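Novice: attaching a predicted model along with its sequence, questions to come.
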Amino acid sequence: MPEPRPPTRGRAASPPVEHFVAEPRRSVRLGAALLALVALMAIRVPVGPLPLDTAWSEAMRDGFTPGLERLALWLDALGHASGVIVVLGAITVVLIRARRWMALTAFALAEGASSLLSAALKALLERPRPPAGVLHPLSTSFPSGHTSFAAVTCVSLVLAFTLPGRRRVWWPLAVLGTCAMGWSRTFLHVHWLSDVIAGALLGVSVALLVFAATQLRAAARS
């Protein structure tokens, strides 16, 4: 009588694929379209301010109050090195403790890519900042790095921590966070409105592209 064969070891199970978006290919197309719009703005936006930039800057000056200045300065600090380290570090710790390696990878890639693209555009375009700003950053104006950081972080939080189809409350909060940072940059006169719009589009586009592409790649490998 033949001896029974030892049980064969199957291939280790792949980690579950996280679903950040309901339609990843559509999200990739949308992210790519928004990124192309940023590139078009980089080509078409002049070195000097647009009429809309000037009008918005004057409106910010007319609406100045000490309380709003304190709020804008707090948001400014949130987008500098110490604030960025605290925000990104807290999110990273939460993802590591939950052992959500796929979400952590997408989050890190999105934040890194947004920062690198923003720095590259600043170096290429060298658009001067508005005159008479409350602060005097050393880098150039287009796009707004603070706003791109706010946008990529807010969108990434929604994609990583909420489920597709259950985001009716969370998307408006992400928009509010991005707009608040963008407002602060124009209120402090360190960016033109067009810089802020480009920064927001950059952050949103990178977050959508990276999270959707990560989901597609994980699904293909599973």
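Specialist: Sure thing, it's come through.

Novice: so what's residue 70 up against?
Specialist: Contacts for residue 70 (CB atoms under 8 Å, 6 or more residues apart in numbering) come out as none. Yep, even glycine has a C-beta here, placed from its N, CA and C like the rest.

Novice: which parts of the strand or helix carrying it are buried?
Specialist: Residue 70 belongs to helix 66-78 when assigned by DSSP states H and E. Judged by neighbour count (16 or more other CB atoms under 10 Å), helix 66-78 contains these buried residues: 72, 75, 76, 78.

Novice: got it, and stretch 16-33?
Specialist: 17, 18, 20, 21, 24, 27, 28, 30, 31.

Novice: after the helix holding residue 70 comes which helix or strand?
Specialist: helix 81-97.

Novice: which neighbouring elements make contact with that next one?
Specialist: For helix 81-97, the helices and strands in contact under the criterion 3 or more CB pairs under 8 Å, 6 or more residues apart in numbering; DSSP states H and E are helix 66-78, helix 101-125, helix 145-161.

Novice: rewinding a little: adding distance to residue 222, write the buried residues of stretch 16-33 out as TSV.
Specialist: Putting the buried residues of stretch 16-33 into TSV (distance: CB to CB, whole Å) gives the following:
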residue	distance to residue 222
17	5
18	11
20	15
21	16
24	13
27	18
28	18
30	24
31	22
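
Novice: ok, so of those, who is nearest residue 113?
Specialist: Distance ranking of the buried residues of stretch 16-33 against residue 113, using CB to CB, places residue 31 first at 10.9 Å.

Novice: what sits against that closest one?
Specialist: So residue 31 contacts 204, 205, 206, 207, 208, 209, 212 (CB under 8 Å, 6+ apart).

Novice: out of those residues, who's the most crowded?
Specialist: In terms of neighbour count, residue 207 stands highest of the contacts of residue 31 at 32 neighbours, by other CB atoms under 10 Å.

Novice: I'd guessed it sits against residue 160; true?
Specialist: No: the criterion here is CB atoms under 8 Å, and residue 207 misses it with residue 160 at 9.6 Å.

Novice: low-confidence ranges, this protein, go.
Specialist: 1-15 (pLDDT under 70).

Novice: which other helices and strands does the longest helix along the chain contact?
Specialist: The residue-count maximum for a helix in the chain (DSSP state H) belongs to helix 193-221. Judged by 3+ CB pairs under 8 Å, 6+ apart, the packing partners of helix 193-221 are helix 24-44, helix 51-62, helix 101-125, helix 145-161, helix 170-187.

Novice: between the longest one and helix 81-97, how big is the angle?
Specialist: Helix 101-125 and helix 81-97 meet at an angle of 160 degrees, taking axes from the mean of the first three to the mean of the last three CA atoms, to 10 degrees as the criterion.

Novice: so residue 191, which of the three states?
Specialist: Per DSSP: H, G, I helix; E, B strand; the rest coil, the secondary structure class of residue 191 is coil.

Novice: okay, now the nearest residue to it once chain neighbours are set aside: neighbour count?
Specialist: Spatial nearest neighbour of residue 191, excluding adjacent residues (CB to CB, 6 or more residues apart in numbering): residue 185 at 4.0 Å. For residue 185, the count of nearby residues is 31 (other CB under 10 Å).
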